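> sequence and predicted structure below; questions after.
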Amino acid sequence: MLFWFWLAVLVRQNTEPAGLFITSPGPGEALQGIVTITGTTALSGFTSAEVSFAYSLGKPEGWFLIQESQQAVTDGTITTWDTTTITDAVYDLRVVVNLADGSRQQVQVAGVRVRNYTLIETNTPVPTTTVNATQSPLPSTPTRLPEVTATAFKRTLTPLPPNPAQVAGGDILGSLAKGGLAAAGLFLLGGLYLGLKYITRQ
């Protein structure tokens, strides 16, 4: 019985992860929302651990603290990271362990992609083309764009409604003729009147 106990202890010691490392997320992984950072920080002489992030493109802002912990972790959750509070970009993730002798050990994960507000890039495989040695590759023909034809639009004029105050040319001539006849009639009546008056005086 004692033999099996010590055998179980040895197997457990050999299977426990050693050293400082981050299990998740991995390098280049796309992250959204609240991300669980897992790994191991249980180094000998552990006093505290700091989890932080920085821009991966070498911007001068430095490292931003996510959380500081005084609890060592062995193959478990180190902390959680709410990525919705930062802009979408490529970041580096870092875990620093402070030891009792004053030294520090760290591990980094490079190029994690925060993608809360932008599309996650997908790697599209490039198809490989195999050309037999006995055949010549066909010349590539450029794809022609469809021709654009211009459609002519014919303008049509809409006639305006007739103006009630408009006077036609025929109306003017008719009015002049009537006026001339009226004047001739007046002259004729005047002449008759004068002729009768002259006769009566005789």
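Arrived safely.
> rounded mean pLDDT for the strand or helix carrying A182, please.
When elements are assigned from DSSP states H and E, A182 belongs to helix 169-201. Per-residue confidence for helix 169-201 averages out to 77 on the pLDDT scale.
> with stretch 107-114 instead?
Stretch 107-114 carries an average pLDDT of 94.
> list the buried residues in that stretch.
Neighbour-count burial for stretch 107-114 flags 107, 109, 112-114 (criterion: 16 or more other C-beta atoms under 10 Å). Any C-beta I mention is one placed from the backbone N, CA and C, and that applies to glycine too.
> what of stretch 27-44?
Judged by neighbour count (16+ other C-beta under 10 Å), stretch 27-44 contains these buried residues: 31, 35, 37-43.
> with just CA atoms, put that stretch into CSV.
Once side chains and other backbone atoms are set aside, the C-alpha atoms of stretch 27-44 remain, and they are given as CSV (Å, rounded to 0.1, in the frame of the first residue of the first chain):
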residue,chain,number,x,y,z
PRO,A,27,0.6,33.9,-30.2
GLY,A,28,-1.4,35.5,-32.9
GLU,A,29,-4.8,34.4,-31.5
ALA,A,30,-7.8,36.6,-32.1
LEU,A,31,-9.5,37.7,-28.9
GLN,A,32,-13.0,39.0,-28.2
GLY,A,33,-14.8,40.0,-25.0
ILE,A,34,-13.5,38.7,-21.6
VAL,A,35,-10.5,36.5,-22.2
THR,A,36,-9.3,33.9,-19.6
ILE,A,37,-5.5,33.9,-19.3
THR,A,38,-4.2,30.5,-18.1
GLY,A,39,-0.8,29.2,-17.3
THR,A,40,1.6,28.7,-14.4
THR,A,41,3.2,31.2,-12.1
ALA,A,42,4.1,28.9,-9.2
LEU,A,43,7.8,29.5,-9.1
SER,A,44,10.0,28.8,-6.1
